[in-house]
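**Q** Here you go, sequence then predicted model.
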Amino acid sequence: MTEDYTPELFSLVPDNSSDKKPGLCSSLVGFGQTEWQKNYSAGVDISKYQKVTSWSEFENSDNLSFLFIKATEGVTIRNPFFPQHWKDSNYIATPNHPKMYRGAYHFYHPADDPIEQADFFLSTIGELEIIDLPPVLDLESFDKLKITDLKVKKTVAKNVLTWLRYVEQKTHRTPILYTYRNFWITLGSIDPAFAHYPLFIASYNENLCPLAMAPWTNWTFWQYSESGTISGIENHTDLDIFNGNENDLLNFIDSSKVPFQNEISGITSSLNEGPK
């Protein structure tokens, strides 16, 4: 997943290490391989750098089951293609004829207020449809924060949980957290509260399974490449796998739905308390 500008960051790269178990995933990667399509679902995620030029080509390409679209970043940046991509992708899948499921993601800036970021994201995506994927939080930047400071890292982790909990209550969907192993280890959080939010892991060693990091025991989505070529999309794009077949994906969407509750006054202050 991609940010729209590049400030002077403490830069980390998605994990390409060999600290993973070989075997299982070596037969999964690569569109068109029916031996893994029975058990896993393929998808892509796009930002402003991947404009969809032909929805008909895209819809029929490579047996794709899902699409994540970047909506926002921080508190001011919107993907200029998001409104049209979000609208057009709504016609790909219907409850009676599921073809491809759509989802939206937000690129998180730890230096910005989490509630302001969440409200900005929610105002951009509008109300989710019943068959939409849950929202995704893209966590891969520390901005200019001093990440060697333990207090700073604890604040970042607490604020990320604030964003996730707030969006969960506002959308009645359990959000997904996208990150990668080296970043997460640097953040240093093993708060069990994060395990409530499904892990979308980036790892570009295509022939090896990525290992989930504590507190997760497994990944739900895996971004295994940032240089895929998909019919109907300009430029290279990220390639993803869902850890299950298409029926599992639909069940995952259903299971992400949180029962409606009355809005609680003072939600922001209560969320900001975070874990002790």
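**A** Noted; the coordinates are in hand. Numbering: from 1, shown residues only.
**Q** helix, strand or coil for Thr226?
**A** For the record, residue 226 is Glu, not Thr. strand (DSSP: H, G, I helix; E, B strand; the rest coil).
**Q** number of nearby residues for it?
**A** By other C-beta atoms under 10 Å, the residues close to Glu226 number 15. Using the backbone N, CA and C atoms, a C-beta is placed for each residue, glycine as well.
**Q** Let me know whether it touches His236 as I believe.
**A** Yes. Counting by C-beta atoms under 8 Å, Glu226 does reach His236; the two are 7.0 Å apart.
**Q** so how far is the lengthiest strand in the chain off the chain centroid?
**A** When the chain is parsed with DSSP state E, its longest strand is strand 64-73. Distance, stretch centre to chain centre, for strand 64-73: 8 Å (C-alpha atoms, centre = their mean, to the nearest Å).
**Q** For it, list the C-alpha coordinates in CSV.
**A** Output of strand 64-73 as CSV, limited to C-alpha atoms (Å, rounded to 0.1, in the frame of the first residue of the first chain):
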residue,chain,number,x,y,z
LEU,A,64,-9.8,-11.9,-8.6
SER,A,65,-12.1,-12.0,-5.6
PHE,A,66,-11.5,-8.7,-3.9
LEU,A,67,-10.2,-5.2,-4.3
PHE,A,68,-9.0,-2.7,-1.7
ILE,A,69,-8.9,1.0,-2.7
LYS,A,70,-7.0,3.7,-0.9
ALA,A,71,-9.4,6.4,0.3
THR,A,72,-7.4,8.7,2.5
GLU,A,73,-4.1,9.5,4.2
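**Q** Direction included, what does that strand pair against?
**A** strand 41-46 (parallel), strand 77-78 (antiparallel), strand 101-107 (parallel) (DSSP bridges).
**Q** Need the mean per-residue confidence for the shortest one.
**A** Read it as strand 77-78. Mean pLDDT, computed over strand 77-78, is 97.
**Q** Next secondary structure after that strand?
**A** helix 82-89 (DSSP states H and E).
**Q** Kindly spell out which helices and strands sit in contact with that following helix.
**A** strand 64-73, strand 101-107 (3 or more C-beta pairs under 8 Å, 6 or more residues apart in numbering; DSSP states H and E).
**Q** Mind putting those strands into CSV with distance to Ile201 and mean neighbour count?
**A** As requested, the helices and strands packed on helix 82-89 are arranged in CSV below (distance: least, C-beta to C-beta, whole Å; neighbours: other C-beta atoms under 10 Å):
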stretch, distance to Ile201, mean neighbour count
strand 64-73, 14, 25
strand 101-107, 14, 25
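**Q** center of the protein - which residue?
**A** Val136 (3.8 Å; C-alpha atoms, centre = their mean).
**Q** Phi, psi for it please.
**A** phi -120, psi 140 (degrees, to the nearest 10).
**Q** do the same with Tyr180
**A** Dihedral angles (degrees, to the nearest 10) for Tyr180: phi -140, psi 160.
**Q** Against Ile125, how distant is it?
**A** Distance from Tyr180 to Ile125, counting by C-beta to C-beta, to the nearest Å: 24 Å.
**Q** Can you check what angle separates the longest strand of the chain from helix 82-89?
**A** Interaxial angle, strand 64-73 versus helix 82-89 (axes from the mean of the first three to the mean of the last three C-alpha atoms, to 10 degrees): 160 degrees.
**Q** Where does the prediction get shaky in the stretch 1-150 of the chain?
**A** 2-38, 61-62, 92-99 (pLDDT under 70).
**Q** Tell me where the protein has helices.
**A** 34-37, 55-59, 82-89, 114-125, 150-171, 181-187, 246-255, 267-273 (DSSP state H).
**Q** Show me the one of these that comes nearest Ala193.
**A** For Ala193, the closest of the helices of the chain is helix 150-171, at 5.8 Å, according to C-beta to C-beta.
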